[in-house]
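Colleague: build me a model from this:
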Amino acid sequence: MTATLTKTPTVVRTIAEMRDAVRAYRAKAGAAASVGFVPTMGFLHDGHASLIDRSAQDNGLTVLSIFVNPLQFGPNEDFERYPRDEARDLDVAARAGADIVFMPGVAEMYPTPAATQITVTGVTERLCGASRPGHFDGVGIVVTKLLNIVQPDRAYFGLKDAQPVAVVERMGAELNQPVEIVPCPIVRESDGLAMSSRNVYLSEDERREALVISRTLAKVPAWIGSGMNAAQLTSAVREGISASPLADIDYVETLTYPGLQPPAPEAPLSALSERIIVAAAVRFGRTRLIDNILITQPEA
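Modeller: Numbers count the residues shown, from 1 in each chain. Below you'll find the model as predicted:
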(Lines give C-alpha, C1' and ligand atoms only; values in the text may rest on other atoms or scores of the structure.)
Protein backbone atom coordinates (compact mmCIF):
# COMPACT_ATOMS: atom_id res chain seq x y z
CA MET A 1 0.00 0.00 0.00
CA THR A 2 1.13 3.52 -0.75
CA ALA A 3 -1.53 5.61 1.00
CA THR A 4 0.11 7.24 4.02
CA LEU A 5 -2.39 9.84 5.26
CA THR A 6 -5.38 8.74 7.31
CA LYS A 7 -8.61 10.54 6.54
CA THR A 8 -12.04 9.97 7.98
CA PRO A 9 -14.36 8.70 5.25
CA THR A 10 -17.94 9.85 5.01
CA VAL A 11 -20.36 7.10 6.06
CA VAL A 12 -23.48 6.84 3.90
CA ARG A 13 -26.33 4.45 4.66
CA THR A 14 -29.03 5.23 2.09
CA ILE A 15 -29.14 4.93 -1.68
CA ALA A 16 -30.34 8.51 -2.08
CA GLU A 17 -27.42 9.88 -0.03
CA MET A 18 -24.97 7.75 -1.97
CA ARG A 19 -26.19 9.04 -5.30
CA ASP A 20 -26.18 12.63 -4.03
CA ALA A 21 -22.58 12.30 -2.81
CA VAL A 22 -21.29 11.05 -6.17
CA ARG A 23 -23.34 13.64 -8.03
CA ALA A 24 -21.87 16.43 -5.89
CA TYR A 25 -18.32 15.17 -6.44
CA ARG A 26 -18.78 15.00 -10.22
CA ALA A 27 -20.28 18.51 -10.32
CA LYS A 28 -17.30 19.88 -8.40
CA ALA A 29 -14.57 17.93 -10.22
CA GLY A 30 -15.98 18.44 -13.69
CA ALA A 31 -14.17 16.77 -16.57
CA ALA A 32 -11.46 15.50 -14.21
CA ALA A 33 -13.96 13.46 -12.16
CA SER A 34 -13.12 9.79 -11.72
CA VAL A 35 -14.92 7.47 -9.31
CA GLY A 36 -13.45 4.18 -8.13
CA PHE A 37 -15.55 1.57 -6.34
CA VAL A 38 -14.62 -1.36 -4.10
CA PRO A 39 -17.59 -3.62 -3.23
CA THR A 40 -17.08 -5.80 -0.13
CA MET A 41 -18.98 -7.72 2.52
CA GLY A 42 -16.90 -6.15 5.27
CA PHE A 43 -14.66 -7.58 7.98
CA LEU A 44 -11.88 -5.94 6.01
CA HIS A 45 -8.30 -7.17 5.84
CA ASP A 46 -5.16 -6.15 3.96
CA GLY A 47 -6.49 -7.69 0.77
CA HIS A 48 -9.45 -5.31 0.81
CA ALA A 49 -7.13 -2.46 1.81
CA SER A 50 -5.00 -3.11 -1.27
CA LEU A 51 -8.09 -2.66 -3.48
CA ILE A 52 -9.02 0.59 -1.74
CA ASP A 53 -5.46 1.85 -2.05
CA ARG A 54 -5.36 0.97 -5.76
CA SER A 55 -8.60 2.84 -6.33
CA ALA A 56 -7.34 5.85 -4.38
CA GLN A 57 -4.27 5.96 -6.61
CA ASP A 58 -6.34 5.71 -9.81
CA ASN A 59 -9.31 7.97 -9.00
CA GLY A 60 -10.32 11.28 -7.47
CA LEU A 61 -13.06 9.66 -5.36
CA THR A 62 -13.04 6.16 -3.88
CA VAL A 63 -16.26 4.57 -2.67
CA LEU A 64 -16.16 1.42 -0.53
CA SER A 65 -19.35 -0.54 0.04
CA ILE A 66 -19.89 -2.88 2.98
CA PHE A 67 -22.96 -5.07 2.60
CA VAL A 68 -23.42 -8.69 3.58
CA ASN A 69 -25.73 -9.79 0.78
CA PRO A 70 -28.25 -12.41 1.96
CA LEU A 71 -29.09 -13.46 -1.60
CA GLN A 72 -25.71 -15.09 -2.17
CA PHE A 73 -25.91 -17.32 0.90
CA GLY A 74 -27.52 -20.73 0.68
CA PRO A 75 -29.88 -22.13 3.35
CA ASN A 76 -27.07 -24.03 5.10
CA GLU A 77 -24.43 -21.31 4.76
CA ASP A 78 -23.07 -18.77 7.19
CA PHE A 79 -25.03 -15.52 6.60
CA GLU A 80 -25.70 -14.95 10.30
CA ARG A 81 -22.26 -16.24 11.27
CA TYR A 82 -20.41 -14.10 8.72
CA PRO A 83 -18.07 -11.82 10.74
CA ARG A 84 -19.05 -8.17 11.12
CA ASP A 85 -17.13 -5.35 12.82
CA GLU A 86 -18.15 -1.86 11.72
CA ALA A 87 -15.62 0.07 13.81
CA ARG A 88 -12.76 -2.09 12.60
CA ASP A 89 -13.90 -1.77 8.99
CA LEU A 90 -14.06 2.01 9.18
CA ASP A 91 -10.54 2.11 10.59
CA VAL A 92 -9.21 -0.02 7.72
CA ALA A 93 -11.13 2.11 5.20
CA ALA A 94 -9.66 5.31 6.62
CA ARG A 95 -6.09 4.05 6.61
CA ALA A 96 -6.41 2.70 3.05
CA GLY A 97 -7.79 5.94 1.61
CA ALA A 98 -11.54 5.50 1.12
CA ASP A 99 -13.51 8.72 0.73
CA ILE A 100 -17.01 7.32 1.19
CA VAL A 101 -18.15 4.12 2.90
CA PHE A 102 -21.59 2.99 1.74
CA MET A 103 -23.14 0.77 4.44
CA PRO A 104 -26.78 0.06 3.57
CA GLY A 105 -28.94 -2.33 5.53
CA VAL A 106 -30.82 -5.23 3.99
CA ALA A 107 -34.09 -3.28 4.04
CA GLU A 108 -32.44 -0.42 2.14
CA MET A 109 -31.09 -2.69 -0.58
CA TYR A 110 -34.14 -4.99 -0.74
CA PRO A 111 -37.21 -3.05 0.48
CA THR A 112 -39.31 -5.78 -1.10
CA PRO A 113 -38.32 -9.38 -1.91
CA ALA A 114 -36.20 -9.35 -5.07
CA ALA A 115 -38.29 -10.35 -8.09
CA THR A 116 -35.51 -9.66 -10.58
CA GLN A 117 -32.83 -12.22 -11.32
CA ILE A 118 -29.57 -11.83 -13.22
CA THR A 119 -28.20 -15.20 -14.27
CA VAL A 120 -24.89 -15.48 -16.07
CA THR A 121 -24.43 -18.86 -17.74
CA GLY A 122 -21.25 -20.52 -18.96
CA VAL A 123 -18.99 -19.25 -16.17
CA THR A 124 -21.14 -20.15 -13.17
CA GLU A 125 -21.75 -23.89 -13.51
CA ARG A 126 -18.35 -25.04 -12.24
CA LEU A 127 -16.22 -24.30 -9.15
CA CYS A 128 -18.31 -22.59 -6.44
CA GLY A 129 -21.35 -22.51 -8.72
CA ALA A 130 -21.57 -26.31 -8.68
CA SER A 131 -21.63 -26.58 -4.89
CA ARG A 132 -23.48 -23.33 -4.12
CA PRO A 133 -26.64 -23.30 -6.29
CA GLY A 134 -28.09 -19.81 -6.67
CA HIS A 135 -24.98 -18.15 -5.28
CA PHE A 136 -24.05 -16.33 -8.48
CA ASP A 137 -27.62 -15.18 -9.09
CA GLY A 138 -27.24 -13.36 -5.77
CA VAL A 139 -23.87 -11.97 -6.84
CA GLY A 140 -25.32 -10.78 -10.16
CA ILE A 141 -28.20 -8.84 -8.65
CA VAL A 142 -26.22 -7.18 -5.84
CA VAL A 143 -23.29 -6.16 -8.03
CA THR A 144 -25.67 -4.73 -10.64
CA LYS A 145 -27.57 -2.80 -7.95
CA LEU A 146 -24.36 -1.43 -6.43
CA LEU A 147 -22.96 -0.37 -9.81
CA ASN A 148 -26.26 1.34 -10.63
CA ILE A 149 -26.24 3.16 -7.28
CA VAL A 150 -22.59 4.29 -7.25
CA GLN A 151 -22.13 4.63 -11.03
CA PRO A 152 -18.33 4.37 -10.84
CA ASP A 153 -15.82 4.67 -13.65
CA ARG A 154 -13.84 1.70 -12.32
CA ALA A 155 -14.66 -1.17 -9.95
CA TYR A 156 -11.95 -3.18 -8.19
CA PHE A 157 -12.17 -6.91 -7.40
CA GLY A 158 -9.62 -9.27 -5.86
CA LEU A 159 -8.64 -12.34 -7.85
CA LYS A 160 -8.85 -14.65 -4.85
CA ASP A 161 -12.51 -14.68 -5.86
CA ALA A 162 -11.59 -15.31 -9.49
CA GLN A 163 -14.92 -16.83 -10.51
CA PRO A 164 -16.96 -13.81 -9.36
CA VAL A 165 -14.54 -11.58 -11.27
CA ALA A 166 -15.17 -13.62 -14.42
CA VAL A 167 -18.92 -13.42 -13.80
CA VAL A 168 -18.86 -9.65 -13.28
CA GLU A 169 -16.70 -9.11 -16.37
CA ARG A 170 -19.06 -11.19 -18.53
CA MET A 171 -22.13 -9.51 -17.07
CA GLY A 172 -20.70 -6.02 -17.56
CA ALA A 173 -19.74 -6.68 -21.15
CA GLU A 174 -23.07 -8.20 -22.14
CA LEU A 175 -25.18 -5.58 -20.32
CA ASN A 176 -23.01 -2.72 -21.62
CA GLN A 177 -22.40 -1.47 -18.11
CA PRO A 178 -20.26 1.70 -18.37
CA VAL A 179 -17.62 0.63 -15.86
CA GLU A 180 -14.10 -0.74 -16.16
CA ILE A 181 -13.62 -3.91 -14.11
CA VAL A 182 -10.14 -3.93 -12.57
CA PRO A 183 -8.98 -7.38 -11.33
CA CYS A 184 -6.28 -7.16 -8.63
CA PRO A 185 -3.78 -9.79 -7.41
CA ILE A 186 -4.38 -12.08 -4.44
CA VAL A 187 -2.96 -10.72 -1.20
CA ARG A 188 -1.46 -13.34 1.11
CA GLU A 189 -0.36 -13.64 4.70
CA SER A 190 3.41 -13.78 5.25
CA ASP A 191 3.24 -17.60 5.26
CA GLY A 192 1.29 -17.76 2.00
CA LEU A 193 -2.31 -18.27 3.17
CA ALA A 194 -4.69 -16.24 1.01
CA MET A 195 -6.28 -13.48 3.07
CA SER A 196 -9.94 -14.08 3.79
CA SER A 197 -12.52 -12.83 6.25
CA ARG A 198 -13.20 -16.49 7.09
CA ASN A 199 -9.63 -17.16 8.28
CA VAL A 200 -10.70 -16.02 11.77
CA TYR A 201 -12.78 -19.18 12.09
CA LEU A 202 -9.74 -21.48 11.83
CA SER A 203 -8.38 -23.17 14.93
CA GLU A 204 -4.62 -23.09 15.47
CA ASP A 205 -4.24 -26.58 13.97
CA GLU A 206 -6.55 -25.79 11.05
CA ARG A 207 -4.71 -22.53 10.34
CA ARG A 208 -1.40 -24.40 10.18
CA GLU A 209 -2.77 -27.20 7.98
CA ALA A 210 -4.50 -24.72 5.62
CA LEU A 211 -1.09 -23.72 4.27
CA VAL A 212 -1.17 -26.94 2.24
CA ILE A 213 -3.37 -25.14 -0.30
CA SER A 214 -1.01 -22.29 -1.20
CA ARG A 215 2.06 -24.53 -0.97
CA THR A 216 0.54 -27.01 -3.41
CA LEU A 217 -0.66 -24.30 -5.82
CA ALA A 218 2.86 -22.82 -5.82
CA LYS A 219 4.04 -26.00 -7.57
CA VAL A 220 1.63 -25.57 -10.48
CA PRO A 221 3.95 -23.60 -12.81
CA ALA A 222 6.62 -26.31 -12.54
CA TRP A 223 4.06 -29.06 -13.10
CA ILE A 224 2.77 -27.29 -16.20
CA GLY A 225 6.34 -26.86 -17.41
CA SER A 226 6.89 -30.61 -17.02
CA GLY A 227 4.23 -31.30 -19.68
CA MET A 228 1.18 -32.20 -17.61
CA ASN A 229 -2.28 -32.05 -19.15
CA ALA A 230 -5.32 -30.77 -17.25
CA ALA A 231 -6.30 -34.12 -15.73
CA GLN A 232 -2.76 -34.84 -14.57
CA LEU A 233 -2.40 -31.39 -13.05
CA THR A 234 -5.73 -31.58 -11.26
CA SER A 235 -4.78 -35.00 -9.86
CA ALA A 236 -1.40 -33.69 -8.65
CA VAL A 237 -2.99 -30.73 -6.90
CA ARG A 238 -5.64 -32.93 -5.25
CA GLU A 239 -2.96 -35.31 -4.05
CA GLY A 240 -0.88 -32.45 -2.68
CA ILE A 241 -3.76 -30.91 -0.73
CA SER A 242 -4.92 -34.33 0.50
CA ALA A 243 -1.59 -34.72 2.29
CA SER A 244 -3.16 -32.68 5.10
CA PRO A 245 -5.27 -34.94 7.34
CA LEU A 246 -7.60 -32.00 8.09
CA ALA A 247 -8.28 -31.07 4.46
CA ASP A 248 -11.74 -31.91 3.11
CA ILE A 249 -11.66 -31.02 -0.59
CA ASP A 250 -14.80 -29.50 -2.09
CA TYR A 251 -13.23 -29.13 -5.54
CA VAL A 252 -9.99 -28.82 -7.45
CA GLU A 253 -10.35 -27.84 -11.10
CA THR A 254 -8.10 -26.80 -13.97
CA LEU A 255 -9.89 -24.50 -16.42
CA THR A 256 -9.31 -21.77 -18.97
CA TYR A 257 -9.72 -18.21 -17.71
CA PRO A 258 -11.87 -16.16 -17.82
CA GLY A 259 -14.07 -18.54 -19.82
CA LEU A 260 -13.88 -21.23 -17.10
CA GLN A 261 -14.03 -24.11 -19.56
CA PRO A 262 -12.08 -27.40 -19.47
CA PRO A 263 -8.92 -27.26 -21.60
CA ALA A 264 -8.33 -29.77 -24.38
CA PRO A 265 -8.08 -33.00 -22.36
CA GLU A 266 -4.94 -34.56 -23.82
CA ALA A 267 -2.93 -31.45 -24.71
CA PRO A 268 -0.03 -30.44 -22.47
CA LEU A 269 -1.11 -27.25 -20.76
CA SER A 270 2.18 -25.62 -21.71
CA ALA A 271 1.15 -25.86 -25.38
CA LEU A 272 -2.10 -23.91 -24.92
CA SER A 273 -2.42 -20.18 -25.60
CA GLU A 274 -5.21 -19.49 -23.06
CA ARG A 275 -4.67 -18.41 -19.50
CA ILE A 276 -5.15 -21.33 -17.11
CA ILE A 277 -6.61 -21.20 -13.63
CA VAL A 278 -6.18 -23.95 -11.06
CA ALA A 279 -8.77 -23.31 -8.36
CA ALA A 280 -9.48 -25.12 -5.11
CA ALA A 281 -12.08 -25.00 -2.34
CA VAL A 282 -11.17 -26.89 0.81
CA ARG A 283 -12.84 -27.19 4.21
CA PHE A 284 -10.89 -27.23 7.42
CA GLY A 285 -13.40 -28.01 10.13
CA ARG A 286 -16.39 -25.73 9.49
CA THR A 287 -14.37 -23.22 7.47
CA ARG A 288 -14.42 -23.30 3.68
CA LEU A 289 -11.37 -21.67 2.07
CA ILE A 290 -10.84 -20.90 -1.60
CA ASP A 291 -7.60 -20.17 -3.43
CA ASN A 292 -6.27 -20.28 -6.97
CA ILE A 293 -3.34 -19.65 -9.25
CA LEU A 294 -3.60 -18.01 -12.67
CA ILE A 295 -1.02 -18.98 -15.27
CA THR A 296 -0.28 -17.04 -18.45
CA GLN A 297 1.39 -19.50 -20.78
CA PRO A 298 4.59 -17.60 -21.65
CA GLU A 299 5.33 -17.45 -17.91
CA ALA A 300 4.64 -21.17 -17.53
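Colleague: alpha carbons only for contacts and neighbour counts from here, please
Modeller: OK.
Colleague: mind listing residues that contact whatever helix or strand residue 163 lives in?
Modeller: Here residue 163, judged by DSSP states H and E, is contained in helix 162-174. Helix 162-174 is contacted by residues 120, 123-124, 127-128, 136, 139-140, 143, 157-159, 178-179, 181, 183, 257-260, 292 when judged by C-alpha atoms under 8 Å, 6 or more residues apart in numbering.
Colleague: run a quick neighbour tally on the residue lying closest to residue 142 once chain neighbours are set aside.
Modeller: Nearest residue to residue 142, sequence neighbours excluded (C-alpha to C-alpha, 6 or more residues apart in numbering): residue 69, at 7.1 Å. For residue 69, the neighbour count with other C-alpha atoms under 10 Å is 19.
Colleague: could you do the one 10 residues further on as well?
Modeller: Using other C-alpha under 10 Å, the number of residues around residue 79 comes to 15.
Colleague: pretty sure residue 198 contacts residue 286?
Modeller: No: taking contacts as C-alpha atoms under 8 Å, residue 198 lies outside contact range of residue 286: 10.1 Å.
Colleague: okay, those two: which has more neighbours?
Modeller: More neighbours surround residue 198 than the other of residue 198 and residue 286, with 14 against 10 (other C-alpha under 10 Å).
Colleague: quick revisit: for the residue nearest to residue 142, what are its contacts?
Modeller: The neighbours of residue 69, taking C-alpha under 8 Å, 6+ apart as the test, are 41, 106, 138, 142.
Colleague: at 10 Å instead, please
Modeller: Counting by C-alpha atoms under 10 Å, 6 or more residues apart in numbering, residue 69 touches 40-41, 79, 105-106, 109-110, 138-139, 141-143.
Colleague: residue 110 too?
Modeller: With contacts defined as C-alpha under 10 Å, 6+ apart, the neighbours of residue 110 are 69-71, 104, 142.
Colleague: so residue 37, which of the three states?
Modeller: Under DSSP: H, G, I helix; E, B strand; the rest coil, the three-state class of residue 37 is strand.
Colleague: just checking, residue 139 touches residue 71?
Modeller: Yes: counting by C-alpha atoms under 10 Å, residue 139 sits close enough to residue 71 to count as a contact (7.5 Å).
Colleague: coming back round to it: what's the closest of the contacts of residue 69 to residue 188?
Modeller: Nearest to residue 188 out of the contacts of residue 69 is residue 40 (C-alpha to C-alpha; 17.4 Å).
Colleague: wait, that closest one touches residue 157, no?
Modeller: Yes: under the contact definition of C-alpha under 10 Å, residue 40 touches residue 157, with a separation of 8.9 Å.
Colleague: shared neighbours, these two?
Modeller: Contact criterion C-alpha under 10 Å, 6+ apart; residues shared by residue 40 and residue 157: residue 48.
Colleague: between these two, who's got more neighbours?
Modeller: residue 157 (24 against 16).
Colleague: how's this protein carved up into domains?
Modeller: Split into domains by automatic domain parsing, the chain comes to 10-184, 197-295.
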